[in-house]
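Trainee: dropping the sequence and predicted coords here.
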Amino acid sequence: MADVLVLNAGYEPLHRVSVKHAIGMLVREVAVVEEAVDDRTFGPFPLPRVLRLVRYVAMRWLYKRSGAPACTKQGIKRRDGACAYCGGPADTVDHILPRSRGGPSTWLNLVAACFACNSWKADRTPAEAGMLLHVTPYVPRAEYARSKLHKAARVA
């Protein structure tokens, strides 16, 4: 048994924790066992498979309907998959409008790039550097950030 699913007081899935953490939650009486492994105990407690919190925890960040996930280098590289200029492996990210000219670090101004293309472009725009941008930057939907949690809930 690798982990235990933790449900909110309203039975919404929150996250998974280790068995050790789950037993600690039972000892502190912040959760109750909803489903246990048959004929297995851990001291006075049944070995939990699913726990439910006693008090409701507001998870506003989880259910945010608008907005995008945080813009990170890994997120940009995952979105583009390859260098936006040559199609090779993406090693870093590049600002379409350089930061030296006030270009922000946003989903719409960043693209994945290899070191060679990023160095060649330097602090110029793609047009000034004579480079063609092969991808169109976009803001990914916020749902992809929540998909892992809901996938974990479906497995249980």
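Mentor: Arrived safely. Predicted model only: the values in this text are computed from it and were never measured.
Trainee: from here on, contacts and neighbour counts on C-alpha atoms
Mentor: Will do.
Trainee: could you pull out the helices in this protein for me?
Mentor: Chain-ordered helices for the chain, with DSSP state H as the definition, fall at 19-27, 73-80, 115-121, 126-129, 143-155.
Trainee: which of the ones you listed has the lowest mean pLDDT?
Mentor: Of all those, the minimum mean pLDDT falls on helix 143-155 (a mean of 48).
Trainee: what's the end-to-end length of stretch 8-16?
Mentor: 12 Å (C-alpha to C-alpha, to the nearest Å).
Trainee: which residues does residue 41 contact?
Mentor: If you count contacts by C-alpha atoms under 8 Å, 6 or more residues apart in numbering, residue 41 has them with residue 47.
Trainee: what about residue 141, neighbour count?
Mentor: Close neighbours of residue 141, defined as other C-alpha atoms under 10 Å, add up to 12.
Trainee: touching, it and residue 69? I think so.
Mentor: Yes: in this structure residue 141 lies within contact range of residue 69 using C-alpha atoms under 8 Å: 7.4 Å.
Trainee: got the buried residues for the strand ranked longest in the chain?
Mentor: In the chain, taking DSSP state E as the definition, the longest strand is strand 31-42. When burial is assessed from 16 or more other C-alpha atoms under 10 Å, strand 31-42 yields the following buried residues: 31-33, 36.
Trainee: and if you look at stretch 11-23?
Mentor: Within stretch 11-23, the residues that count as buried by 16+ other C-alpha under 10 Å are 13-17, 19, 22-23.
Trainee: same check on stretch 51-60?
Mentor: Within stretch 51-60, the residues that count as buried by 16+ other C-alpha under 10 Å are 51-53.
Trainee: for the record, mean pLDDT for that stretch?
Mentor: Stretch 51-60 comes out with an average pLDDT of 85.
Trainee: got the domain boundaries for this protein?
Mentor: Taking automatic domain parsing as the reference, the chain has its domains at 4-62, 73-129.
Trainee: fine by me, thanks again.
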